[in-house]
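[1] pasting the structure only:
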């Protein structure tokens, strides 16, 4: 059984399980019989809470594809390495996969990892599918494809709703200095020009000084895009400081995730978010049943990430079925023109537009019964 605890051994198991069976009968599987995809994402440290379900979703999709006969008769193979949400570790892992396996596509989750991977994948003209909330990598790398939430469009819709429904009098932005928050602020400022800015370095989880400054400034709502461990500390520290304000956050599935939802923080009620899936509906979906059946120890993980990983592999399956795995131009063109014709996407994938995945965004508010769609 696949286990992400031992990344390199797990990768080898995925690669050679079929080979070992063939060796028994005196046969050796050749590279022509497989389609290889590289995956580098955070599987240790803070980022592992999202990276683990993301890769598990990809593994689940790969197992289903191979059990059904593969891609045009070829087995799909994943090579998974730990990027540790660090540029140097991601760079080394990416070089390892490219040099050893020559993958037909690369996949990652976080922006910092995509930034480290992009120069390497671009040089080899390998498509890079990344879940960064920012468009910057796709804008400068013609072989990069942005999947998942888009901070520019999402934050614009979030602030538009909040302004129309008078959810704030003075809006602030509590943000780490990363590209997706810059895009978020850009989208928000198209709707609300007067936004007080409170910036911190990514990785810092002590927000007390900035929260107190926002409180002194009369800010009654804060806009942010973060990762689960950041949101946990934000809510905790707002409660400690008795700073009863609304948080406008993206995405809902990360902002108040299943683990955080169990905490009794008064500042939860009134939280407004934007997402392309309803967190509770996702937890109760057919995909969740299938995912938790395959990975019972992962219950409580962010199911959206598993669904996004699953959909990413299904996108690649559709592309590889149309193209010879050695035809880079065909693969690039098929990705650029990909549309979800069947409507069976776990996360509601529509298709790419200028290499940015289009999704159906909805606004949610949190109350004692959980997230409610508006």
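    That came through, no problem. Just so it is clear, the model here is predicted, and its values are computed rather than measured. Numbering: from 1, shown residues only.

[2] from here on, contacts and neighbour counts on C-alpha atoms
    Will do.

[3] pLDDT below threshold where in this structure?
    Low-confidence segments of the chain, defined by pLDDT under 70, span residues 1-31, 257-267, 299-301, 343.

[4] All the helices of it, residue numbers only.
    Using DSSP state H, the helices of the chain run over 7-24, 48-67, 87-101, 111-123, 136-140, 151-164, 179-189, 208-216, 228-240, 252-255, 279-283, 286-294, 303-322, 328-336.

[5] Okay, buried residues for the last one please.
    Pointing back at helix 328-336 there. With burial defined by 16 or more other CA atoms under 10 Å, the residues of helix 328-336 counted as buried are 328, 330, 331, 332, 334, 335, 336.

[6] what sits against the most centrally placed residue in the chain?
    Here the mean C-alpha position of the chain is nearest to the C-alpha of residue 131 (CA atoms, centre = their mean), at a distance of 4.2 Å. By CA atoms under 8 Å, 6 or more residues apart in numbering, the contact list for residue 131 reads 108, 109, 110, 111, 146, 147, 148, 149.

[7] go on, residue 158?
    Residues touching residue 158, when contacts are defined by CA under 8 Å, 6+ apart, comprise 188, 248, 272, 273, 274, 363.

[8] Restricted to strands, list the residues you listed.
    When DSSP state E defines the strands, the subset of the contacts of residue 158 inside them is 248, 272, 273, 274, 363.

[9] ok, and the most crowded of these?
    In terms of neighbour count, residue 273 stands highest of the ones in strands among the contacts of residue 158 at 33 neighbours, by other CA atoms under 10 Å.

[10] Isn't that residue up against residue 256?
    No: contact status for residue 273 versus residue 256: not in contact, 9.5 Å apart, counting by CA atoms under 8 Å.

[11] Just confirm residue 319 contacts residue 331, I think it does.
    Yes: contact criterion CA under 8 Å: residue 319 and residue 331 qualify, at 6.3 Å.

[12] So which of the contacts of residue 131 are in strands?
    Counting by DSSP E, the members of those that fall within strands are 108, 146.

[13] Could you dump the contacts of residue 131 into JSON lines with neighbour count and distance to residue 177 added?
    Formatted as JSON lines, the entries for the contacts of residue 131 read as follows, by neighbours: other CA atoms under 10 Å; distance: CA to CA, whole Å:
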{"residue": "108", "neighbour count": "27", "distance to residue 177": "20"}
{"residue": "109", "neighbour count": "28", "distance to residue 177": "18"}
{"residue": "110", "neighbour count": "22", "distance to residue 177": "14"}
{"residue": "111", "neighbour count": "22", "distance to residue 177": "12"}
{"residue": "146", "neighbour count": "26", "distance to residue 177": "20"}
{"residue": "147", "neighbour count": "27", "distance to residue 177": "21"}
{"residue": "148", "neighbour count": "25", "distance to residue 177": "20"}
{"residue": "149", "neighbour count": "24", "distance to residue 177": "18"}
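
[14] from the contacts of residue 131, which is closest to residue 236?
    Within the contacts of residue 131, distances to residue 236 taken as CA to CA reach their minimum at residue 110, with 24.2 Å.

[15] Find the residue closest to the closest one in space, skipping its chain neighbours.
    Of all residues beyond its chain neighbours, the one nearest residue 110 is residue 132 (5.2 Å), with distances taken as CA to CA, 6 or more residues apart in numbering.

[16] Quick check: the gap between residue 356 and residue 41.
    Taking CA to CA, to the nearest Å as the measure, residue 356 falls 20 Å from residue 41.

[17] Between these two, which has more neighbouring residues?
    residue 41 (31 against 21).

[18] roughly how far apart are the closest residue to the more buried one other than its chain neighbours and residue 96?
    Take residue 41 and drop its neighbours on the chain: the residue closest to it by CA to CA, 6+ apart is residue 83, 4.7 Å away. For residue 83, the distance to residue 96 equals 12 Å [CA to CA].

[19] Comparing the two, which residue is more hemmed in?
    Here residue 83 and residue 96 are set side by side on neighbour count (other CA under 10 Å), and the busier one is residue 83, at 31 against 15.

[20] How much space separates the more buried one from residue 38?
    Between residue 83 and residue 38 the computed distance is 12 Å (CA to CA).

[21] Now do the contacts for residue 94.
    Contacts for residue 94 (CA under 8 Å, 6+ apart) come out as 38, 40, 81, 117, 120.

[22] The last one contacts residue 95, correct?
    Yes: in this structure residue 120 lies within contact range of residue 95 using CA under 8 Å: 7.4 Å.

[23] Closest to residue 103 out of the ones in strands among the contacts of residue 158?
    Taking CA to CA as the measure, residue 274 is the one of the ones in strands among the contacts of residue 158 closest to residue 103, at 34.4 Å.
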